[in-house]
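**Q** Below: sequence and its predicted model.
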There are 4 protein chains.
Amino acid sequence: MKDTQNSMEENQTGERMAFTFRIKNEYFRVGLAETLCTFVMMTFGLGTVAQVVTGGGLFGDYLSINVGFGLGVTMGVHIAGKVSGAHMNAAVSFTMCLFGRLGWRMFPLYVAAQMLGSFLAAGTVFFLYYEAMFHYCGGNFTVTGPRATAGIFATYPAPYLSIPAGVLDQVLGTAMLLLCLMALSDQRNQPAQRGAEPLAVGLLVLLIGVSLGSNSGYAINPSVICPPESSQLWQGGGLRSSGQATTGGGCLWWRPWLEV
Amino acid sequence: MKDTQNSMEENQTGERMAFTFRIKNEYFRVGLAETLCTFVMMTFGLGTVAQVVTGGGLFGDYLSINVGFGLGVTMGVHIAGKVSGAHMNAAVSFTMCLFGRLGWRMFPLYVAAQMLGSFLAAGTVFFLYYEAMFHYCGGNFTVTGPRATAGIFATYPAPYLSIPAGVLDQVLGTAMLLLCLMALSDQRNQPAQRGAEPLAVGLLVLLIGVSLGSNSGYAINPSVICPPESSQLWQGGGLRSSGQATTGGGCLWWRPWLEV
Amino acid sequence: MKDTQNSMEENQTGERMAFTFRIKNEYFRVGLAETLCTFVMMTFGLGTVAQVVTGGGLFGDYLSINVGFGLGVTMGVHIAGKVSGAHMNAAVSFTMCLFGRLGWRMFPLYVAAQMLGSFLAAGTVFFLYYEAMFHYCGGNFTVTGPRATAGIFATYPAPYLSIPAGVLDQVLGTAMLLLCLMALSDQRNQPAQRGAEPLAVGLLVLLIGVSLGSNSGYAINPSVICPPESSQLWQGGGLRSSGQATTGGGCLWWRPWLEV
Amino acid sequence: MKDTQNSMEENQTGERMAFTFRIKNEYFRVGLAETLCTFVMMTFGLGTVAQVVTGGGLFGDYLSINVGFGLGVTMGVHIAGKVSGAHMNAAVSFTMCLFGRLGWRMFPLYVAAQMLGSFLAAGTVFFLYYEAMFHYCGGNFTVTGPRATAGIFATYPAPYLSIPAGVLDQVLGTAMLLLCLMALSDQRNQPAQRGAEPLAVGLLVLLIGVSLGSNSGYAINPSVICPPESSQLWQGGGLRSSGQATTGGGCLWWRPWLEV
């Protein structure tokens, strides 16, 4: 009768699991973890944007998007936190390397894994909501305009945003993210509650979306790229092709120059 | 004077309780727990949908529904977590059996208990909000249309959704649910905070509703069926009878075929 | 320099406080605690309703009311949790007596303290938002109609609600509240996280507001009465006087009979 | 391979950090911490207001502002909680001095640091959202009217608010804040969960915004002033200059007199 008392929360040590395997290669394990957590985070995040945009107000509003990305980050940290650190963001990996918490030789692996994860997530959400987007825009996929769907996968600056203001926006958003991330993990100050770090990081991302998001879609993550496939499908569906379409959920250094 | 100091949180060991009873039969105890937690979860969840739909924007919006199902799951886990595991979902029970955390001989009991609980919850919410629904739809209960109320109890795919996309939607939603559930309870990685697992699971369900909900009403739970009684009452009230009306809060494997 | 390191959270044992006093009489202490926590809970809760109603959509919506009452209960539990148990609700006190966790001789004290606290809170919110209500309704204070303000202080059943349905609504809402409260404090099952009980209870109240609130304003608390003063002020301001105006935030046993 | 296992949460003791420095002077350290946490809190808070106002409903609503200030306070406490106590509010510092938890000689330092932090934050948000505000109001910066932007940086009483009601509003809001803050840190009662104090304080601020915010923009913080620079820029942009424009996010003692 014991098996009925194994609650979901009491996790045995795998011996009784039907199939067990272990990845010996550390690089592969870390890369896989980083890919998986970025995939989960971006699938939830982009899924929320797709749902809100195609729902036209019926399936959530802007606050839902903040919740989606925030809790998406929380779930990403739960999935890979103790394996790869669950950076899910090249700016975070870069900072971790800069502060000596991650070896520089791991940096390309992290960035590649993050890009692969977000690439796969964008593709997944694209196929998942393809019919919803088709229905929403009447088959006329556009980057701008009242029924634009490109903003689901990529962030675009507001039409009034100048390049210096865009640089300030990106630098400030990423700086606030990293400053608070550092504070949340600083055990000699007032860190996040032990075990509740994933939730705290998720609430931080929610907060940045609520407060620093409207200028350019809180593009604080340079790892997020939109998949060329979906871009080409868009073109086949009437997308006005542009250099912007290949940038994704926020490119800290690239976008301002692409804008020129 | 001691009794004044017994705060709600300091729970004595039942000796001072006016009436105490204990169910000796493990099967019955587990089945009852699973029925009760599913009942509570579905009463809160369906109640939220009924309130939002019949309120027409006055009593909450889509985000309220996500909160209602999310926190409803949290309360369900609090109610039966250490007795039956509080699966509340045949897909979760199936996965737990697959991974060896639950004996296969318990599977039918779990699914039956879950169906009974959700059946009772749908009936409760139906009677609770019968007058509100009657007032909302003017006595003309319909499955579709601007004043449809069937969607309170059952999920329906969006009109544009094809069968392959519906299969992807169901598989992806349930897969994301189970992947994150596994991560939240994986003590060798970054699990949910000890004691906060119910809240973490609730936030996960909220997240899925926010991000993967618009295609087919986040039907990630094959245990949720709509009560035939209410279905027949609907028919008496003008319901366009259909095979769909007997499916409930999401049938992972059934619905796509019923759609044909 | 030590004093700069006393963070808000590190609370010394009162010796360094400028003034210290201690109430020796247990009855007075418990009664005062119960009055204070009910006052705080109802001031936040009624304040939210007043803000949302008089704001006409500009200062929050229905979800804000759920958040206001939910977190208001959380703060109430923080204020009196270890002194009186912070019931803030005669139905909770009644149940605690029934289960032997509170002596029956304390019951009248609890109910009186709760009524006094909610009475004072309603008066406070009435004076705080008097000008806002006056501005909102143009000086014509009414119980019903498009610019009614009586619903800020008292709950009214929806116009379509019959007496049997109202009884079901009240019984179910209070039963769900107490069932989940019991589960949240059941140390032999899956209780709320140690120390996070106030938040868990607050989320439960939020959940009931989201899911079981639209029939009669989630009137799950028989301790909440509206102050006669404000009622008389209303009458002076044009209130259509009725027996209903003296009932408050939900009277489990009284209201259905008053309705007749 | 160890470096890959340093999760974000496991914070080494700085030895491996690329650059390490330590501020010896306690006054400077405390002042800097208080400035930084107030800056972070106000940047998130004012950023939310700016985003919601200039978005015109597209980028969040009133509840977003409550979330922005609430979680902003949470992040501020994480940043300076164990260094300066993260008061971020002259009324909190004043109360801490009154209760003997902070030396009176530190009071001017705290207030000056808080004002500097909020001053810098208002300037940052002003530059960050300058183009958004310019676009929103068509270049005609005004204090009142349908396209007013002064309310982003300063709080104004509602037009119907009298001076006695404004005094009651300010005193009650600040009293509720401090009463609950005291309860959240009272280790002999029912305090906030150990380690979760920042979140609890943030939820309290969210709650006050939800319930006591509409009369005068929950101006519970006398430390928050609007930067003269931005005020002058506004004047250059068409601002109707007034004494009000130099008051900021709520001046407990000043505003009622300025109103005369």
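**A** In hand now; what should we look at? Numbers count the residues shown, from 1 in each chain, chains lettered A, B, ... in the order given.
**Q** what's around whichever residue of chain A sits closest to chain D, how many residues?
**A** Residue nearest to chain D within chain A (Cβ to the nearest Cβ): A:Gln190, separated by 3.0 Å. Where C-beta positions appear, they are placed from N, C-alpha and C, glycine not excepted. A:Gln190 has 24 neighbours, counted by other Cβ atoms under 10 Å in any protein chain shown.
**Q** same check, this time on A:Ala113
**A** Counted with other Cβ under 10 Å, A:Ala113 comes out at 28.
**Q** Next up, the contacts around it.
**A** Counting by Cβ atoms under 8 Å, 6 or more residues apart in numbering or on different chains, A:Ala113 makes contact with A:Val30, A:Gly31, A:Leu32, A:Glu34, A:Thr35, A:Thr38, A:Ser84.
**Q** Could you measure from it over to A:Met106?
**A** Per Cβ to Cβ, to the nearest Å, A:Ala113 is found 10 Å from A:Met106.
**Q** what do those two both touch?
**A** In contact with both A:Ala113 and A:Met106: A:Val30, using Cβ under 8 Å, 6+ apart.
**Q** just to revisit the earlier point, can you pull the contacts of the residue of chain A closest to chain D?
**A** Taking Cβ under 8 Å, 6+ apart, one finds A:Ala183, C:Ser7, D:Val77, D:His78, D:Ile79, D:Ala80, D:Gly81, D:Lys82, D:Ala86, D:Glu197, D:Pro198 in contact with A:Gln190.
**Q** Now that A:Asp121 has come up, it's in contact with A:Thr48, right?
**A** To be clear, residue A:121 is Ala; Asp isn't right here. No - checked against Cβ atoms under 8 Å, the pair A:Ala121 and A:Thr48 is beyond contact range at 11.9 Å.
**Q** Give me the more crowded residue out of the two.
**A** Neighbour count, other Cβ under 10 Å: between A:Ala121 and A:Thr48, A:Thr48 has more, with 30 against 26.
**Q** Can you show me the helices along the stretch 51-200 of chain A?
**A** A:62-80, A:90-98, A:107-128, A:130-137, A:163-184, A:197-211 (DSSP state H, counting those that start in this stretch).
**Q** Out of these, flag the one nearest B:Ile65.
**A** Taking Cβ to Cβ, helix A:62-80 is the member of these nearest to B:Ile65, at 10.9 Å.
**Q** Could you look up the SS state of the residue positioned nearest the centre of chain A?
**A** By Cα atoms, centre = their mean, chain A has its centre lying nearest to A:Met42, at 4.1 Å. With DSSP: H, G, I helix; E, B strand; the rest coil as the basis, A:Met42 sits in helix.
**Q** Give me the pLDDT for it.
**A** Predicted confidence (pLDDT) for A:Met42: 93.
**Q** With A:Ile225 instead?
**A** For A:Ile225, the predicted pLDDT is 47.
**Q** Report pLDDT for A:Ala158.
**A** Reported pLDDT for A:Ala158: 80.
**Q** what's the distance between it and A:Asn215?
**A** Taking Cβ to Cβ, one finds A:Ala158 at 6 Å from A:Asn215.
**Q** do you know how far the residue nearest to the centre of chain A is from A:Ser214?
**A** A:Met42 is 21 Å from A:Ser214, by Cβ to Cβ.
**Q** and A:Pro159, how many neighbours does it have?
**A** Every residue meeting other Cβ under 10 Å relative to A:Pro159 is counted, giving 8.
**Q** right, I mislabeled it, should have said A:Ile23
**A** Around A:Ile23 there are 13 residues (other Cβ under 10 Å).
**Q** do you know how far the closest residue to it other than its chain neighbours is from A:Cys37?
**A** Leaving aside its chain neighbours, A:Ile23 sits nearest to A:Arg29 (4.4 Å; criterion: Cβ to Cβ, 6 or more residues apart in numbering or on different chains). Applying Cβ to Cβ, the value for A:Arg29 to A:Cys37 is 13 Å.
**Q** more neighbours, the two?
**A** Between A:Arg29 and A:Cys37, counting by other Cβ under 10 Å, A:Cys37 is the more crowded of the two (30 against 17).
**Q** in which helix or strand would I find the more buried one?
**A** helix A:26-55 (DSSP states H and E).
**Q** elements contacting that helix?
**A** Using 3 or more Cβ pairs under 8 Å, 6 or more residues apart in numbering or on different chains; DSSP states H and E, the elements in contact with helix A:26-55 are helix A:62-80, helix A:107-128, helix A:130-137, helix B:163-184, helix B:197-211.
**Q** Do I have it right that the residue nearest to the centre of chain A meets A:Leu116?
**A** No - using Cβ under 8 Å, A:Met42 is not in contact with A:Leu116; the gap is 10.8 Å.
**Q** Run through the residues that contact the residue of the stretch 101-250 of chain A found nearest chain B.
**A** Closest contact between the stretch 101-250 of chain A and chain B, by Cβ to the nearest Cβ, is at A:Gly195 (3.5 Å). Shown in contact with A:Gly195 (Cβ under 8 Å, 6+ apart): B:Pro191, B:Ala192, B:Gln193, B:Arg194, B:Ala196.
**Q** just those that are near chain A?
**A** B:Pro191, B:Ala192, B:Gln193, B:Arg194, B:Ala196 (Cβ under 8 Å from any Cβ of the partner chain).
**Q** Out of these, which end up buried?
**A** Buried members of those, scored by 16 or more other Cβ atoms under 10 Å in any protein chain shown, are B:Pro191, B:Ala192, B:Gln193, B:Ala196.
**Q** For chain C, tell me which of these show up nearby.
**A** B:Gln193, B:Ala196.
**Q** For C:Cys97, state which of the buried ones among the ones next to chain A among the contacts of A:Gly195 is nearest.
**A** Out of these, the member with the shortest distance to C:Cys97 (by Cβ to Cβ) is B:Ala196, at 30.9 Å.
**Q** want to throw the buried ones among the ones next to chain A among the contacts of A:Gly195 into TSV with distance to A:Leu179 and pLDDT?
**A** TSV is the format used below for these (distance: Cβ to Cβ, whole Å; pLDDT from 0 to 100):
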residue	distance to A:Leu179	pLDDT
B:Pro191	27	93
B:Ala192	26	93
B:Gln193	24	91
B:Ala196	26	92
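**Q** For the buried ones among the ones next to chain A among the contacts of A:Gly195, work out which two are farthest apart.
**A** Counting by Cβ to Cβ, the most remote pair of those is B:Pro191 and B:Ala196, 9.9 Å apart.
**Q** List phi and psi for the residue in the stretch 151-260 of chain A that chain C sits nearest to.
**A** Closest contact between the stretch 151-260 of chain A and chain C, by Cβ to the nearest Cβ, is at A:Gln190 (7.5 Å). Main-chain torsions, A:Gln190, degrees, to the nearest 10: phi -120, psi 80.
**Q** ok, A:Gly55 - how many residues close by?
**A** Neighbours of A:Gly55 (other Cβ under 10 Å): 18.
**Q** Surely it touches B:Ser214?
**A** Yes - using Cβ under 8 Å, A:Gly55 is in contact with B:Ser214, at 5.2 Å.
**Q** rewinding a little: mind giving me TSV with the contacts of A:Gly195 and columns for distance to A:Ala150?
**A** TSV is the format used below for the contacts of A:Gly195 (distance: Cβ to Cβ, whole Å):
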residue	distance to A:Ala150
B:Pro191	38
B:Ala192	36
B:Gln193	38
B:Arg194	43
B:Ala196	38
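**Q** Restricted to strands, list those residues.
**A** In strands, judged by DSSP state E, none of the contacts of A:Gly195 are found.
**Q** ok, and the closest non-adjacent residue to the residue in the stretch 51-200 of chain A that chain B sits nearest to?
**A** Per Cβ to the nearest Cβ, A:Gly81 is where the stretch 51-200 of chain A lies closest to chain B, at 3.0 Å. Spatial nearest neighbour of A:Gly81, excluding adjacent residues (Cβ to Cβ, 6+ apart): B:Gln190 at 3.0 Å.
**Q** okay, A:Ala59: pLDDT?
**A** Ala isn't right for residue A:59; it's Phe. Looking at A:Phe59, the pLDDT reads 89.
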